[in-house]
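>>> Quick one, structure for this:
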Amino acid sequence: MKRFRSLKDIEKERYRLYLEKELAGYKLEYFFRNTRTNFSAENFLENSVGNWIGRTIGRFIRKKTNP
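Numbering: from 1, shown residues only. All right, here's what the predicted structure looks like:
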């Protein structure tokens, strides 16, 4: 556990955690807003399949180069 030297350190950490939480909430809200407005099943499938193929090829190349 992190030790704090003073009350000021505790307040700084509390404020940092508050900002982190606010930022996470904002990112989540932004993500869902974009998902609702820009969602299309075709793009979703293309991205999913493309990502899967990219990861598979990447693994294959890594296995070949690092026996």
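>>> and R5, which of the three is it?
For R5, the assignment made with DSSP: H, G, I helix; E, B strand; the rest coil gives coil.
>>> Tell me how far it lies from E11.
12 Å (CB to CB, to the nearest Å). From N, CA and C alone the C-beta is placed, and that goes for glycine too.
>>> ok, the two, which is more surrounded?
Higher neighbour count among R5 and E11: E11, with 11 against 7, using other CB atoms under 10 Å.
>>> tell me the SS of that one?
Quick answer, by three-state DSSP: E11 is helix.
>>> Could I get the pLDDT score of it?
For E11, the pLDDT comes out at 90.
>>> Run the chain-centre distance for the least confident helix or strand in the chain by mean pLDDT.
Within the chain, no helix or strand scores below helix 41-65, which has a mean of 77 by mean pLDDT, DSSP states H and E. Averaging C-alpha positions (CA atoms, centre = their mean, to the nearest Å) puts helix 41-65 18 Å from its chain's average.
>>> what sits up against that helix?
By CB atoms under 8 Å, 6 or more residues apart in numbering, no residue outside helix 41-65 reaches it.
>>> So which other helices or strands are in contact with the helix or strand harbouring Y15?
Element membership for Y15 (DSSP states H and E) is helix 7-38. Other helices and strands packing on helix 7-38, by 3 or more CB pairs under 8 Å, 6 or more residues apart in numbering; DSSP states H and E, are absent; none qualifies.
>>> Any idea how far that helix is from the middle of the chain?
On CA atoms, centre = their mean, the centre of helix 7-38 falls 13 Å from the chain's centre.
>>> Then stretch 54-67?
Taking mean C-alpha positions (CA atoms, centre = their mean), stretch 54-67 and its chain are 24 Å apart.
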